[in-house]
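Student: This is a predicted model, with the sequence first.
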Amino acid sequence: MFIDFDGVLHPAGGSVGACLPFEWLSDLKALLSAHPPVRIVVHSSWRLTYPHEEIREFLSGLNAVDMDIVGPGEKRQAITAYLSVHPEIESGLVIDDEPSEFPVEFPLQVVACDPATGISCQYVQNQVTAWLNHTKPIPLDGEKLSGSAW
């Protein structure tokens with residue numbers, strides 16, 4: 001699961017301090033807690049400003065088997081490069097408030113958030129839950145399951 005921060009985990013735009021950073025993280029945590037752990041990969045522009053350890057700390061407590069961060073570059077190119085280095089990823093989900101950055105032929109499902117409501121929106125939560133319901137559990141021994149999402 002590839003996630004953005006602004007417009008997904010808290011409202012995008014507005015004046016500094018107008019919203020609580022990560023105010024909808026609990027919504028994502030609730031969605032993930034009912035499913036097997038998934039790999040969370042951050043593609044937010046925050047990755048260019050904050051140290052990776054701090055970004056991982058922002059997301060601590062999520063039901064994730066692994067947490068990672070894409071490399072530099074525009075979101076689409078960074079995710080595509082990440083996928084090329086991780087061929088074990090057979091399917092994935094991108095949650096972002098700027099779906100125009102991802103062409104129709106993009107290889108992963110893209111869930112578009114309203115930047116004012118992000119993942120707190122029931123429609124977005126339904127889309128994430130539908131994707132999670134079709135993922136297979138990650139083996140405890142770390143071996144890849146045939147057809148697994150990660």
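Tutor: In hand now; what should we look at?
Student: Every contact and neighbour count from this point should use C-alpha atoms.
Tutor: Noted.
Student: The helix or strand bottoming out on mean pLDDT in the chain pairs with which strands, parallel or anti?
Tutor: Among the helices and strands of the chain, strand 64-69 carries the lowest confidence by mean pLDDT, DSSP states H and E, at a mean of 89. When sheet partners are counted by DSSP bridges, strand 64-69 sits next to strand 38-42 (parallel).
Student: Okay, buried residues for whatever helix or strand comes next after the partner strand please.
Tutor: Helices and strands here follow DSSP states H and E; after strand 38-42, the next one along the chain is helix 52-58. Neighbour counts using 16 or more other C-alpha atoms under 10 Å place I55, R56 of helix 52-58 among the buried residues.
Student: Identify all contacting residues around helix 52-58.
Tutor: Around helix 52-58, the neighbours that count as contacts under C-alpha atoms under 8 Å, 6 or more residues apart in numbering are W46, R47, M67, D68, I69.
Student: next one: stretch 89-100
Tutor: By C-alpha under 8 Å, 6+ apart, stretch 89-100 touches 1-4, 6-8, 83, 108-115, 118, 128, 131, 147-150.
Student: ends of it, how far apart?
Tutor: The first and final residues of stretch 89-100 sit 23 Å from each other (C-alpha to C-alpha, to the nearest Å).
Student: That one - what's its average pLDDT?
Tutor: What stretch 89-100 shows for mean pLDDT is 92.
Student: can you give me the offset of that stretch from its chain's centre?
Tutor: Averaging C-alpha positions (C-alpha atoms, centre = their mean, to the nearest Å) puts stretch 89-100 7 Å from its chain's average.
Student: what does stretch 44-64 give?
Tutor: Using C-alpha atoms, centre = their mean, the distance between the centre of stretch 44-64 and that of its chain works out at 11 Å.
Student: Where does pLDDT dip in this structure?
Tutor: For the chain, applying pLDDT under 70 flags the ranges 14-19, 135-150.
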